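Student: predicted model and sequence below, questions to follow.
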Amino acid sequence: MDILIPEELAVTALQSLSEKYTVVREGALWRDQEKLKSRAREARTLMVRNQTQVTAELIASAPNLIAVGRLGVGLDNIDVAAATKAGVVVVAPLDANATSVAELTMGLLLALARRIPEADRTTKSGAWDRKGSMGIELDGKTVAICGFGRIGRLVAARARAFGLKVLVFDPFVREDSPALSDVSAKLCDRLEDALANADFVTTHSPLTPETERMFNRQTFAAMKRGAYFINTSRGGVVNETDLMDALKDGHLAGAALDVREIEPPDSRSGFEELSNVILLPHIGAATIEAQTRTFETVAGDLDRILQNQPARNFVNFALPRR
């Protein structure tokens, strides 16, 4: 087969691929790793979202595999090092959903500041609780942006438009970076320095061994009392038990989570009972525009690779090396 899709995807861009190639769609295949390995032996390319674990073992079991197309920007479900070693191209539309995630981040920031979900719930229940819906303005407050890549920079630009002061923590950003001066942002050398001075903290870091659970009891304690925490990156960068404790003891005023450590959560965590917590089902990229860009980008690159042409949105190299 030319393209194996082991997840349930509703992709209009697949129609054009199906007219040119053998496309096999098995929406539940990702759940059975052994069956997935068996089917992958026949595949030339894989198209996955975030449920399929493209491990070194899976790659080794697929001798005909030349490319993996990831419908999203996170690469934590793909062993890129193993793919690179095997000569397999990894394609990802790294810019496709940045605007959508940045806009969602600002929406959550506003919702927390003005207590919009709480006001909505009480009003729908028949109350008219204006006093209980008292919020705060963004103008003059400070936001700490942890991770200053594509999304973080778009968030900074939008935050400045609301009159927020911007602090940045990112060990890969230089102090003389034009991206900082463009939004009048201040770079902090230590995460704790950014947290201590922020009214809002939003994280846009990828999930790596270095960032795993970087937001924990220690870092939440370093945050200003009464601050708000927002995560639209990866659930694994947060220790959810420690976040719960920081919310329950009143150190944090609220939190908004679009992503979780386990997705979907296998049980109720307690966040559901807190009125100052907003929970979303990982919808950062769930806009018509972002999905269209994502699918068209990945489909286009797999098409190019299958025709022995270089990919445009590659993570490791443009043409297969096997």
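Tutor: Sure, I can see it. Please read all numbers here as calculations on a predicted model, not as lab measurements.
Student: how about the secondary structure of the nearest residue to K186 once chain neighbours are set aside?
Tutor: Nearest residue to K186 in three dimensions, chain neighbours excluded: L167, at 5.4 Å (CB to CB, 6 or more residues apart in numbering). All C-beta atoms are positioned from the backbone trio N, CA, C, and that covers glycine. Look at L167: counting by DSSP: H, G, I helix; E, B strand; the rest coil, its state is strand.
Student: next one: I278
Tutor: Taking three-state DSSP as the rule, one finds I278 in the strand state.
Student: shouldn't F148 be in contact with V183?
Tutor: No. Contact criterion CB atoms under 8 Å: F148 and V183 do not qualify, at 9.7 Å.
Student: between the two, which one's more packed in?
Tutor: F148 (25 against 20; other CB atoms under 10 Å).
Student: list the contacts for the residue nearest to K186?
Tutor: Counting by CB atoms under 8 Å, 6 or more residues apart in numbering, L167 touches 142-145, 185-186, 188, 193-194, 197-198.
Student: just A161 next, same as before
Tutor: Neighbour list for A161: empty [criterion: CB under 8 Å, 6+ apart].
Student: likewise for the one 5 residues further on?
Tutor: Shown here is V166, whose contacts under the criterion CB under 8 Å, 6+ apart are 142-143, 145, 156, 159-160, 183-186.
Student: please repeat the previous calculation with a cut-off of 7 Å.
Tutor: Applying CB atoms under 7 Å, 6 or more residues apart in numbering, one finds that V166 lies in contact with 143, 145, 156, 159-160, 183-185.
Student: closest one to E103 out of those residues, please.
Tutor: A159 (11.8 Å; CB to CB).
Student: what is the burial count for the closest one?
Tutor: Residues lying near A159 (other CB under 10 Å) number 25.
Student: and the pLDDT at it?
Tutor: A159 is assigned a pLDDT of 98 by the prediction.
Student: same thing with D258?
Tutor: 98.
Student: isn't it up against T232?
Tutor: Yes. Counting by CB atoms under 7 Å, D258 does reach T232; the two are 4.5 Å apart.
Student: between those two, which one's more packed in?
Tutor: Higher neighbour count among D258 and T232: T232, with 25 against 22, using other CB under 10 Å.
Student: mind checking pLDDT for that one?
Tutor: You'll see T232 listed with a pLDDT of 97.
Student: go ahead and confirm it touches L104.
Tutor: Yes. Shown here, T232 and L104 form a contact pair, counting by CB under 7 Å, at 5.9 Å.
Student: would you map the strands across this structure?
Tutor: Along the chain, the segments classed as strands by DSSP state E run 3-5, 23-25, 45-48, 67-70, 89-91, 142-146, 165-169, 186-187, 200-203, 227-231, 252-257, 277-279.
Student: how about stretch 153-164: buried residues?
Tutor: 153-156, 158-160, 162, 164 (16 or more other CB atoms under 10 Å).
Student: most widely separated two among the residues you listed?
Tutor: R153 and F162 (15.6 Å).
Student: can you give me the helices for this protein?
Tutor: Along the chain, counting by DSSP state H, helices occupy 14-20, 33-40, 56-60, 80-86, 98-113, 116-124, 150-161, 178-182, 191-196, 217-222, 240-248, 288-306.
Student: angle of the fifth one against strand 227-231?
Tutor: Direction vectors for helix 98-113 and strand 227-231, defined by axes from the mean of the first three to the mean of the last three CA atoms, to 10 degrees, enclose an angle of 150 degrees.
Student: centre-most residue in the protein?
Tutor: Taking CA atoms, centre = their mean, the centroid of the chain lies closest to S233, which sits 3.5 Å from it.
Student: how about that residue, what does it touch?
Tutor: Taking CB under 7 Å, 6+ apart, one finds 147, 203-205, 259 in contact with S233.
Student: of these, which is the most crowded?
Tutor: Using other CB under 10 Å as the neighbour test, the contacts of S233 are led by H204, with 28 neighbours.
Student: contacting residues for that one?
Tutor: 145-147, 149, 151-152, 155, 233.
Student: for the chain, name the helix or strand with the lowest mean pLDDT.
Tutor: helix 14-20 (a mean of 87; mean pLDDT, DSSP states H and E).
Student: buried set for that one?
Tutor: Applying 16+ other CB under 10 Å to helix 14-20 flags 14, 17 as buried.
Student: low-confidence stretches in the chain?
Tutor: 11-13 (pLDDT under 70).
Student: show me how it divides into domains.
Tutor: Here the domain parsing of the chain from automatic domain parsing is 3-96+288-306, 98-279.
Student: got a markdown table for those domains, with distance to L319 too?
Tutor: Putting the domains of the chain into a markdown table (distance: least, CB to CB, whole Å) gives the following:
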| stretch | distance to L319 |
| --- | --- |
| domain 3-96+288-306 | 7 |
| domain 98-279 | 25 |
